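Q: Turn this into a structure:
(one chain, ligands or ions: 1)
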Amino acid sequence: MPFVNPQGKLDQFFLLSQDLFICIDFAGILLNINPMFENLLGYSTSEWVGKPCGKLVDHRDIPVIEEALSRLQSHKKVAPFDVRALTAEGKVVWLEVTAAAGDRVIYVIARDISRRKAVEKQLIRNQRLFQIAGETALIGGWYVDMAEGLPIWSNEVCRLHGVPDGFKPTIEEAMTFYAPSSRPRIREVFSACCESGTSFDEELEIVTRQAVRLWVRVIGKAVRDELGQIIQVQGSTQNITERKATERQLTLLERSVEASTNGVIIVDAQRQDLPMVYVNAAFERITGYSRTKALGQNCRFLQGEETDPATLAKLRKGIYAQQDVHVVIRNYRCNGVPFWNDLYVSPVRDAAGLVTHFVGVQNDITAQREYQAQLRHNANHDALTGLPNRLMLDQRLSQGCLLAKRYRRYIAVLFVDLDDFKPINDTLGHDVGDHILIEVAKRLEEELRPWDTVARFGGDEFIVLLPDLAHEQDVLQVVERLLARLSAPYWYRDSELRITASMGIATDDGTISEPRQLIQQADLAMYKAKRQGRNTYQWYTDELNRKVTNRVNLRHALQQAIEQSQFELHYQPQIQGATGRVTGVEALIRWYHPERGYISPAQFISLAEDTGQIMPISEWVLERACRDAVELNARTTMPVTMAVNISPMQFQRAGFLLSIQRVLEQTGLAPDLLELELTEGVLMDSTEHAIQTLQDLRALGVHIALDDFGTGFSSLSYLKRLPINKLKIDRSFIRDVVNDTRDAAIVDGVVTMAVKLGLEVLIEGVETAAQYAYLNARYCAHFQGFYFARPMPMLAISSYLNESHHPRNDAEPHPM
Ligand SMILES: Nc1nc2c(ncn2[C@@H]2O[C@@H]3COP(=O)(O)O[C@H]4[C@@H](O)[C@H](n5cnc6c(=O)[nH]c(N)nc65)O[C@@H]4COP(=O)(O)O[C@H]3[C@H]2O)c(=O)[nH]1
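A: Residues are numbered from 1 along each chain as shown. Purely as a prediction, here's the structure:
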């Protein structure tokens, strides 16, 4: 290595120095370099002597070198400066350069400051990072030297307070930034820290210079010197406004959840067996379990015997699939009482979508369910007796048929109707009636097996279903047992009441296509039982069915007849025996059916009575007969009475009297030419009312005849009170009157009695000359019968009357 010749005593420094010693001329050419040059930069010194010093420097620092050189050339001073030199390996070495101009040369000392530069760089980087952290976390630092008593704020703290960077408040000024509510606290904790070194960590409110309220977390601690004296209080201030808002919201949420009337449960989805980590107060109230008991457990402790496995499976499936799930589940309270839990469960996901929890919202809907059940019960049960009603009966009947079919058994339907319940109800009152119905329901239920059904079908009608009979005949034991039980005395407020029932039975093997038909069949059979004397039963038969079907068909046809006016009136003459003169005619209805021809009134009148269709028919008959009577009387010289049959229903209707009055007025028929024929049955029913109506009719001038006399059971004492004009002796006594002395005796008795009571007598059903001769010889009466004439249409009776009122010579009435 070539050595530069040392000069004078200072040469040793030149050689040994850890700094670079360089001499350059005023043009910047290297003249002399110490050995450190080679050590530091890795170049050989000889190479570089005579070369411009600028070549050593990183191109970025060349302007610095040029500037310094220019100043030195002008013999100006140059302050030490830093440049980057490049080593032989291409690395950068930071040099602190001190240069001074001599007479002919420039002396340069350059010191390697690369390590310092690296530390500085690191420091700057750290400062920057600290600043970033402060800005990001909204934390600023501050300190107060005890000696000076002035707070020093970092830029972030300045920013927080809304003041420019470098703002230097007094302690008092710094305090005034705190909101009035927070001020006493910061004073207290700051003083305590200054005086006794107590650290503080407070969340307080400040008001920025722009009057914005912010929440800050202020942390402070004392710094002591080696003697333990507090020399400084330092700390940080962090803006936590957002966190506070979030916290407030969370608190609000928590309070809301706590206050909710719904039970809320949160379970940890990440832990084994999904333990509950939160339950609210409503959960405690609903279940009776305290938080301490519930937390940490799986919800399954709420389940019990009646918890439906299917519902449970649905709930588990939803949880397993991490989906929302809604169930109504039977749960149990702490005291073992079950309740209906309307439960919604939803997964709660974290930001990454992972299910961390499940939240369950539960509602105790037991009361609601019970109410619904009550409604359902009410819809299916009779309010008075609590028995199933018709609706439920239908379901049970269908089920019963299915069971009978499946297990090859028989189903029996009993139609139970109480005998004479209406009079009890009407006369003794509804309380008594209700009491009996409840008692009947109870007795029926007690006599039956649990799988049998008793339903209330109507007022005093009950249906019993026996869906499990081995043999059809088995039903009879039950029926007899029920009849006996129902006929046992009933007690109401110490009074004994007696009532019986009539029952109709229908059975089937379950294959019937329309189970309701069994009820109809049992109903038919029950009616038959009623007709057979009550407190008995009847079995449904096909024959019964046929009759009923005919009746149903007839009823439909009758309705059409009413609507299409298919009726006519025929008239049968009534003859006065003494004179042979026709004194009246009886109007007899004829139904001309377009397909079936004439249908006898004997076939349809009683049906029309049952169905109520008799009313429109009767009105028509009355009016037609009155009009025809007016016409007939207009054509004859002698008055002719019009006898019209009055049905019981017609007679009992309120307004009957009025309807007679009206028809007389409308047709102009003289009242004494109208004779109303009533049967004994009509008058038997409501005696007082009937007698009053008869008296009113008589007052109108209308005649009354008691029809079919002798066939009923009217008492003679009763007969004497009736304001009637005429008795019509039933034709059943006439048929054999000539030969049968008993019939003759009856006719004799009735006629004698009638005459004694001042009543006229009409003998019906005279068919032969012998009968007529026999009767006419004995009694002063009127006669009617085929012997004289059959009922005939209007035209025919009109000419018949003409003829009879201009009799032929023998003056005897003649058969047609
Ligand atoms: N065997 C026999 N029968 C005789 C003789 N003379 C008359 N008859 C029949 O005896 C019935 C007399 O009428 P009824 O006893 O009031 O009996 C009537 C009456 O109860 C009822 N009826 C007829 N028309 C009406 C009506 O317009 N209104 C009401 N409510 N019932 C009526 O129908 C019943 C039957 O009427 P019809 O079939 O017309 O039968 C009539 C008549 O044709 C006879 O010598 N021998």
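Q: Might you calculate how far stretch 110-122 sits from the centre of the chain?
A: Mean C-alpha position of stretch 110-122 versus that of the full chain (C-alpha atoms, centre = their mean, to the nearest Å) differs by 84 Å.
Q: let's number from 7 now, not from 1
A: New numbering, starting at 7: the last item is stretch 116-128.
Q: contact partners of that stretch?
A: Contact partners of stretch 116-128, identified using C-beta atoms under 8 Å, 6 or more residues apart in numbering, comprise 24-26, 28, 46, 88, 91, 98-104. The way it works is simple: take the backbone N, C-alpha and C, and place the C-beta from them, glycine included.
Q: Need the pLDDT of the nearest residue to residue 617 once chain neighbours are set aside.
A: Of all residues not flanking residue 617 in the chain, residue 561 sits nearest, at 5.6 Å (C-beta to C-beta, 6 or more residues apart in numbering). We have a pLDDT of 87 for residue 561.
Q: Residue 710 too?
A: So, for residue 710, pLDDT stands at 95.
Q: which intervals of the stretch 457-606 of the chain have sub-threshold pLDDT?
A: Residues of the stretch 457-606 of the chain that meet the criterion pLDDT under 70 are absent altogether.
Q: pull the helix or strand with minimum mean pLDDT from this structure.
A: helix 686-691 (a mean of 70; mean pLDDT, DSSP states H and E).
Q: going on from that one, what's the next piece of helix or strand?
A: helix 693-706 (DSSP states H and E).
Q: Please identify the buried residues of that following helix?
A: Neighbour-count burial for helix 693-706, counted by 16 or more other C-beta atoms under 10 Å, picks out 696, 699, 700, 702, 703.
Q: how does the protein divide up, domain by domain?
A: Using automatic domain parsing, the domain parsing of the chain gives 17-118, 137-251, 274-376, 390-546, 560-811.
Q: ok so, going back, got the CA positions of the strand or helix carrying the residue nearest to residue 617 in PDB?
A: In this assignment (DSSP H and E), residue 561 forms part of helix 548-570. Output of helix 548-570 as PDB, limited to C-alpha atoms (Å, rounded to 0.1, in the frame of the first residue of the first chain):
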ATOM      1  CA  ASP A 548    -135.300 -51.700   5.200                       C
ATOM      2  CA  GLU A 549    -139.100 -51.700   5.200                       C
ATOM      3  CA  LEU A 550    -139.000 -48.700   7.500                       C
ATOM      4  CA  ASN A 551    -136.600 -47.100   5.200                       C
ATOM      5  CA  ARG A 552    -138.800 -47.700   2.200                       C
ATOM      6  CA  LYS A 553    -141.700 -46.000   3.800                       C
ATOM      7  CA  VAL A 554    -139.600 -43.100   4.800                       C
ATOM      8  CA  THR A 555    -138.100 -42.800   1.300                       C
ATOM      9  CA  ASN A 556    -141.500 -42.800  -0.100                       C
ATOM     10  CA  ARG A 557    -142.500 -40.000   2.300                       C
ATOM     11  CA  VAL A 558    -139.400 -38.000   1.400                       C
ATOM     12  CA  ASN A 559    -140.200 -38.400  -2.300                       C
ATOM     13  CA  LEU A 560    -143.800 -37.500  -1.700                       C
ATOM     14  CA  ARG A 561    -142.800 -34.500   0.200                       C
ATOM     15  CA  HIS A 562    -140.700 -33.200  -2.700                       C
ATOM     16  CA  ALA A 563    -143.600 -33.900  -5.100                       C
ATOM     17  CA  LEU A 564    -146.000 -32.100  -2.800                       C
ATOM     18  CA  GLN A 565    -143.800 -29.000  -2.800                       C
ATOM     19  CA  GLN A 566    -143.900 -29.000  -6.600                       C
ATOM     20  CA  ALA A 567    -147.700 -29.500  -6.400                       C
ATOM     21  CA  ILE A 568    -148.000 -26.400  -4.200                       C
ATOM     22  CA  GLU A 569    -145.800 -24.400  -6.500                       C
ATOM     23  CA  GLN A 570    -147.400 -25.600  -9.700                       C
END
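Q: The residue nearest to residue 617 is in contact with residue 612, isn't it?
A: No. Look at residue 561 against residue 612 with C-beta atoms under 8 Å: they stay out of range, at 11.6 Å.
Q: Who does the nearest residue to residue 300 once chain neighbours are set aside form a beta bridge with?
A: Once flanking residues are discounted, residue 300 sits nearest to residue 285: 5.0 Å by C-beta to C-beta, 6+ apart. Beta bridges link residue 285 to residue 271, judged by DSSP bridges.
Q: count of neighbours near residue 285?
A: Number of residues near residue 285 (other C-beta atoms under 10 Å) recorded here: 25.
Q: what's the answer for residue 581, then?
A: Residue neighbour count, defined by other C-beta under 10 Å, stands at 25 for residue 581.
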